[in-house]
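In: requesting a structural model of the entry that follows:
(one chain, ligands or ions: 1)
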Amino acid sequence: MVKLQQPKYVYMNGGLCLWNEATLHIGCEAVTRSLNVFEGLKGYWQPEGPFGIVQLRSHYERLRRSARLLHIPFETSFDDYRNALAQLVEALLESDQDMWFRTTLYGVEGHWGEGTVADLVITGYHQDKRVPDPIALGLSTWRRSPDVSLPARIKAGSNYQVARLARIEGKALGCQDMVLLNTSGRVAEATASCIVMVRDGVIYTPPATEGALESVTLDIVEAMAKSMNIPFIRRPIDRTELLVADEIALCGTLAELILVKSIEGQPLNGESPILRSLQARYFRAVRNVDPHPFVELSVLTDKVTSDKQRTY
Ligand code: PMP
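Out: Model (predicted):
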């Protein structure tokens, strides 16, 4: 049974409060109509150095876009967003673990789009410093909803209902994650990450218009691939192309770069050399061991770690 961590503090109502006191009223639209948009951000310790949050501004900008698309007022400036996150980092950070943060705008007042007021709530969770193991991936019978229904471009909690069903389906099949196809039957993304595949030395990923979130991590991976002279192309991907891909990986802030070892029960050929090298490059960049010009690391606290850790 997976138990959600319950860190001592949460940022809510403009300041820190205790986990048990961070509650929403059952009558608010966040509860009755799932009115919330959010961002997941990751912070990494640098060996014997500071703790840096990856692409803070890109996440802020996407939160702003999600809020706009759902008509949720979002008055928080970038500096205030940064300062709010800094308060929680200061309160929760421990020197032996990385952290994942969820910054959510909950609709706390309003009715059917009138008088909407949102509160910025931030939670932070501790994470082990380790490279994820390769996973078994399946294809879900559930579909990513199209742009005219529940757009994948909006990072709203309600978008994860389908993802949840796909994960339940995957669990019964022994898969750690599932691919959601779009309503045209082409590859959209995984339940909480984007997907990349390699065929004949070229990395492909579906564009957001195929039903994928506009991923912050994918932009990093694209920039890294280009600087490593690996061709990277965004174009629609057929289901059968994925089934015969040389290499596959999931990519996202929390997923980082997870290699896939099998698809629909069939093992992939080989050791995924291209995506493995990108994975190593990714970790070296986010830990600032080998900085990449595209990767921005925001240091929000004076704390440093004495931990040397693996440098990948
Ligand atoms: N798609 C979905 C459905 C996600 O939840 C995520 C994780 N945020 C991604 C893609 C990857 O996005 P990002 O790289 O910005 O984290």
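In: measure the closest residue to residue 135 other than its chain neighbours to residue 166 for me?
Out: Leaving aside its chain neighbours, residue 135 sits nearest to residue 176 (3.9 Å; criterion: Cβ to Cβ, 6 or more residues apart in numbering). Any C-beta I mention is one placed from the backbone N, CA and C, and that applies to glycine too. For residue 176, the distance to residue 166 (Cβ to Cβ, to the nearest Å) stands at 12 Å.
In: swap in residue 173?
Out: Relative to residue 166, and taking Cβ to Cβ, residue 173 is found at 11 Å.
In: up against the ligand, what does the stretch 101-250 of the chain have?
Out: Residues of the stretch 101-250 of the chain found near the ligand (Cβ under 6 Å from any ligand atom) are 189, 192-194, 213, 215-218.
In: and which of these is nearest residue 46?
Out: residue 217 (18.6 Å; Cβ to Cβ).
In: sec struct for that closest one, please.
Out: Here residue 217 is recorded as helix under DSSP: H, G, I helix; E, B strand; the rest coil.
In: burial check on it, number of neighbours?
Out: 25 (other Cβ atoms under 10 Å).
In: just the helices in this protein please.
Out: Remark: helices assigned in the chain by DSSP state H are 29-32, 56-69, 78-92, 160-173, 216-227, 239-243, 273-286.
In: dump those into CSV; add distance to residue 300 as well.
Out: Shown next, in CSV, are the helices of the chain (distance: least, Cβ to Cβ, whole Å):
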stretch, distance to residue 300
helix 29-32, 26
helix 56-69, 8
helix 78-92, 4
helix 160-173, 27
helix 216-227, 17
helix 239-243, 38
helix 273-286, 15
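In: quick one on the thing from earlier: which one (most neighbours) among the residues of the stretch 101-250 of the chain next to the ligand?
Out: For those, the largest neighbour count, defined by other Cβ under 10 Å, is 27 neighbours, found at residue 189.
In: what sits against the residue nearest to it when sequence neighbours are not counted?
Out: Spatially, and ignoring its direct neighbours in sequence, residue 189 is nearest to residue 212 (4.0 Å; Cβ to Cβ, 6+ apart). Counting by Cβ atoms under 8 Å, 6 or more residues apart in numbering, residue 212 touches 144, 152, 188-189, 194-195, 205-206.
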